[in-house]
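**Student:** take this sequence and fold it.
(4 chains)
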2 protein chains.
Amino acid sequence: MAAELLAASTTGTAIFGRSRALRPTGKVLPEHARTHNRALVLQTLYSAGPQSRADVARETGLTRVTISDLVADLMAEGLVIELGQREDARPGKPATLIDVDRAAFHIIGVDLSEHEVFRGAVVGLDGQIIDRDEVARDGATGEAAVLLAEVLVERLLARTSTPVLGIGIGSPGVVDPRGVVRSAPNLGWSDVALQDRVAARFALPVHVGNDANVGVLAEHGSSDHDDLLLVKIGHGVGAGLIICGRPVIGSGFAAGEIGHVVVGTDGGPRCACGKDGCLETWLAEPRLTARLAAVDGQGDAAASARDDILREAGRRLGIVLAPVVGALNLSEVVLSGPAQLLDGPLHEAAVDTLRKRTMAEFNRDLRLRMSEQAEDIVLRGAAVMVLSGQLGVT
Amino acid sequence: MAAELLAASTTGTAIFGRSRALRPTGKVLPEHARTHNRALVLQTLYSAGPQSRADVARETGLTRVTISDLVADLMAEGLVIELGQREDARPGKPATLIDVDRAAFHIIGVDLSEHEVFRGAVVGLDGQIIDRDEVARDGATGEAAVLLAEVLVERLLARTSTPVLGIGIGSPGVVDPRGVVRSAPNLGWSDVALQDRVAARFALPVHVGNDANVGVLAEHGSSDHDDLLLVKIGHGVGAGLIICGRPVIGSGFAAGEIGHVVVGTDGGPRCACGKDGCLETWLAEPRLTARLAAVDGQGDAAASARDDILREAGRRLGIVLAPVVGALNLSEVVLSGPAQLLDGPLHEAAVDTLRKRTMAEFNRDLRLRMSEQAEDIVLRGAAVMVLSGQLGVT
DNA sequence: TCACGTTTGTTAGTAAACCTTACGAACAAA
DNA sequence: TTTGTTCGTAAGGTTTACTAACAAACGTGA
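**Tutor:** This is a model prediction of the structure:
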């Protein structure tokens, strides 16, 4: 055994981790620490609002000196402003309040996920929608769709005279971290370098993500939880996932693509993808409305039939979510989409199914709720993406 | 609208992120950067084996000067040693090879997840099992089980004269990040502060984790992928999950507890938890072996009946995994447990089911394979946990 | 009223970390 | 022997955040 150890000590390489790509995290220089602390100050101000340098120092654990230094940098960049002295009467020298200059920048948010229309907005740093615009899609695909998106951005940029921090775009399909839309069948896109194209045209920072992955960022902002699943139901069904506060991309950048997962063991409607009983065949808006329309006008039986259809859809959603909730031990799942469809029997059935199919002991404080962001979820998520990418504010 | 902006700029706090706990990441001081870079050097040496300081510098991006400085520290601590000059003939001054001192430390790994026995091992830094020991459980629960585990650790410590880097323990049940076993029904544990107790008794660093969550660390070491799901089938069924190279704990520390997720929409055997058709009722070893024993001795029909049983179990596994694989876009799923049950029809059926229930386009390079770690997966995973916790080597 | 304590933000100096530049040692190849 | 290369170290500079100290500005209470 001694010989074995000796051999290991002279020629051995690790058995653990031998083949993996090296350096999961790179070197860290003092300047990186500085960048991090700068973002920390910004984050503190952004979340907690106006306060003194001393307050920030206490909150972050850095010293007043360091905070003053960092704040001076941030003020020079126009990101932070002084608001004058604090008014409440306390002993000691009056504090000078500082805050993120919330009026200094606007963000352009774009949502390409709807079937009929590309929607966009000028968004404030706090997430307020300041102005909106949209362009009808008219079935545009390929290059035409790219140009249409650019037209929308151009029109939005014309609607604000405030400096723009960046452009955030939520696109359907699979989007890689460099903002290349690898595949978006609805728009006829494959390997469209949307981020590069838009950035080149407008000379602004651009961030692109999958619509559901972007949407979950907006939801994360108004949630207490750091583990969060958003199910976005529209023309298709997609999901966005945040785990430990970090967005999940997936090994093939296709995290959240649950629309074509088969539900249950009793078949189901034929899907466009060729399989039977995909989640989309139960939940996608066109399918649901068609099914509801079919039973409408059945007189008294209509209401009950509607409920049955919606309840069954909710049950199917619960069936798919149960393994995900169990495996990730999620505490919060959010539903986004047309409220008249989702909020009611569908929602109730999903909650009920989820409870019946998971272990109550582990998922006691699980919440499945409707989104409060309504139709702006992707727009606001896109803004959060820019905020996070440009300022490090999460 | 101008008034709205002004208001936001003077009194506003962020709508995004207003209620979330502050400071997801704390301040970073230069010394933290140093610690990080130290771990980076260690990681580089550990993964790539003996090399010169200049090699490490090139690999990490730090300068030779800094590497020399960091290596001096590491050598002073006994973690790194010089191995003499490189032998191959090259121009220039011959390099002095350095490496992690792989014989300097041993690790104690303990696996409490088996029903009949607590197993443990002395593990080398490279993951070699150097010596083993075990204690029969004899149905011990509660305090007796804790003492039994301590006896095992004591006996293992007596079997090595090399300094011990730390003790890693894989326990069944829900384990929180502080090493408190919140709940482990099989061992009759609830809120047992295992980490503190063992650390206090042996005065060594101790890390405790759920068995499957620990097991996936071992599997991660020998895998190329940074997203990985381990399904561990034994007396129960559990999973361990790594996403973006980071272990997932879950909001209630119960990530991976998929044993009691209901499978399919056609009922199933009654489970101890009260539900019908939990994953465990299809896959847990006792259930499977009992079902196989029931058809044994049916002559010619036995082989075919066995296959059917195993295939059905595999299918059920595939059904549960499909939504998880879809939502996370996983590229690798690993099966661990008794090979005579898992490796064969069960495995095949699981792969088949998974392919049929997910979107081929997104999960093209998905692999579902058997673990190669056999019964040592938790022991070795526990060692990785210590390695990671003490040295920052992943 | 006035001394005292408190709080804020700044100045000055220090320690830590990494960098660049430079150099000697040791080797291969021409 | 000369030349060019590579390695490891030494010296000095820059960045970063810290501690210590202080002035300014404010309540409080004798």
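**Student:** mind checking what secondary structure residue A:376 has?
**Tutor:** Assigned with DSSP: H, G, I helix; E, B strand; the rest coil, residue A:376 falls in the helix class.
**Student:** quick one, what contacts it?
**Tutor:** Applying C-beta atoms under 8 Å, 6 or more residues apart in numbering or on different chains, we find residue A:376 in contact with A:121, A:129, A:218. Backbone N, C-alpha and C define where each C-beta goes, glycine included.
**Student:** which of the residues you listed count as buried?
**Tutor:** A:121, A:218 (16 or more other C-beta atoms under 10 Å in any protein chain shown).
**Student:** quick check: which of the contacts of residue A:376 are also close to chain B?
**Tutor:** Checking the contacts of residue A:376 against chain B by C-beta under 8 Å from any C-beta of the partner chain, the ones in range are residue A:218.
**Student:** how about the contacts of residue A:376 in a markdown table, adding pLDDT?
**Tutor:** Formatted as a markdown table, the contacts of residue A:376 follow (pLDDT from 0 to 100):
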| residue | pLDDT |
| --- | --- |
| A:121 | 98 |
| A:129 | 97 |
| A:218 | 97 |
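**Student:** how many other residues sit next to the residue lying closest to residue A:136 once chain neighbours are set aside?
**Tutor:** Leaving out its chain neighbours, the residue that sits closest to residue A:136 by C-beta to C-beta, 6 or more residues apart in numbering or on different chains is residue A:117, at 5.6 Å. Neighbourhood size, residue A:117 [other C-beta atoms under 10 Å in any protein chain shown]: 15.
**Student:** Three-state assignment for the residue in the stretch 101-250 of chain A that chain B sits nearest to, please.
**Tutor:** Closest contact between the stretch 101-250 of chain A and chain B, by C-beta to the nearest C-beta, is at residue A:250 (2.7 Å). When classified by three-state DSSP, residue A:250 comes out as coil.
**Student:** what's the closest non-adjacent residue to it?
**Tutor:** The nearest residue in space to residue A:250 (C-beta to C-beta, 6+ apart) is residue B:329, at 2.7 Å.
**Student:** list the contacts of residue A:214.
**Tutor:** Contacts of residue A:214 by C-beta under 8 Å, 6+ apart are A:168, A:170, A:240, A:378, A:381-382, A:384-385.
**Student:** what's the helix or strand for it?
**Tutor:** helix A:211-221 (DSSP states H and E).
**Student:** hang on, the earlier thing: quick check: the farthest pair among the contacts of residue A:214?
**Tutor:** Using C-beta to C-beta, the contacts of residue A:214 span at most 13.9 Å, a distance reached by A:168 and A:240.
**Student:** low pLDDT regions in the stretch 1-150 of chain A?
**Tutor:** A:1-25 (pLDDT under 70).
**Student:** near DNA strand D, which residues of it are found?
**Tutor:** The stretch 1-150 of chain A comes close to DNA strand D at residues A:30-31, A:33-34, A:37, A:61-63, A:65-66, A:69-70, A:85, A:89-94, as judged by C-beta under 7 Å from any atom of the strand.
**Student:** number of residues surrounding residue A:280?
**Tutor:** Residue A:280: 25 surrounding residues under other C-beta under 10 Å.
**Student:** pull the longest helix from chain A.
**Tutor:** helix A:300-328 (DSSP state H).
**Student:** quick one: buried residues of it?
**Tutor:** Under the neighbour-count criterion of 16+ other C-beta under 10 Å, helix A:300-328 has A:305-306, A:309-311, A:313-328 buried.
**Student:** how about the nearest residue to the residue in the stretch 201-350 of chain A that DNA strand C sits nearest to, chain neighbours excluded?
**Tutor:** Closest to DNA strand C within the stretch 201-350 of chain A is residue A:246: 24.7 Å, counting by C-beta to the nearest atom of the strand. What sits nearest to residue A:246 in space, not counting adjacent residues and going by C-beta to C-beta, 6+ apart, is residue B:244, at 7.0 Å.
**Student:** quick check: phi and psi on that neighbour?
**Tutor:** For residue B:244, the backbone dihedrals (degrees, to the nearest 10) come out as phi 50, psi 40.
**Student:** I'd say it and residue B:228 touch.
**Tutor:** No - contact criterion C-beta atoms under 8 Å: residue B:244 and residue B:228 do not qualify, at 10.4 Å.
**Student:** out of the two, which sits in the busier spot?
**Tutor:** Set residue B:244 next to residue B:228 and count neighbours by other C-beta under 10 Å: residue B:228 wins out with 23 against 16.
**Student:** the closest residue to that one other than its chain neighbours and residue B:333: what is the separation?
**Tutor:** Nearest residue to residue B:228 in three dimensions, chain neighbours excluded: residue B:242, at 4.5 Å (C-beta to C-beta, 6+ apart). According to C-beta to C-beta, to the nearest Å, residue B:242 and residue B:333 sit 11 Å apart.
**Student:** just the C-alphas of the host helix or strand of residue A:387, formatted as CSV.
**Tutor:** For residue A:387, the host element (DSSP H and E) is helix A:377-391. Provided in CSV are the C-alpha atoms of helix A:377-391 (Å, rounded to 0.1, in the frame of the first residue of the first chain):
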residue,chain,number,x,y,z
ILE,A,377,-43.7,40.1,-17.6
VAL,A,378,-41.2,39.6,-20.5
LEU,A,379,-40.8,43.4,-21.0
ARG,A,380,-39.9,43.9,-17.4
GLY,A,381,-37.8,40.7,-17.2
ALA,A,382,-35.8,42.0,-20.2
ALA,A,383,-35.2,45.2,-18.2
VAL,A,384,-34.0,43.2,-15.2
MET,A,385,-31.7,41.3,-17.5
VAL,A,386,-30.1,44.6,-18.7
LEU,A,387,-30.0,45.9,-15.2
SER,A,388,-28.3,42.8,-14.0
GLY,A,389,-25.9,42.6,-17.0
GLN,A,390,-24.9,46.2,-17.0
LEU,A,391,-24.9,47.2,-13.3
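**Student:** so it versus helix A:211-221, what angle?
**Tutor:** Relative orientation of helix A:377-391 and helix A:211-221, computed by axes from the mean of the first three to the mean of the last three C-alpha atoms, to 10 degrees: 70 degrees.
**Student:** elements contacting helix A:377-391?
**Tutor:** Secondary-structure packing of helix A:377-391 (3 or more C-beta pairs under 8 Å, 6 or more residues apart in numbering or on different chains; DSSP states H and E): helix A:30-48, strand A:106-111, strand A:117-124, strand A:164-171, strand A:206-210, helix A:211-221.
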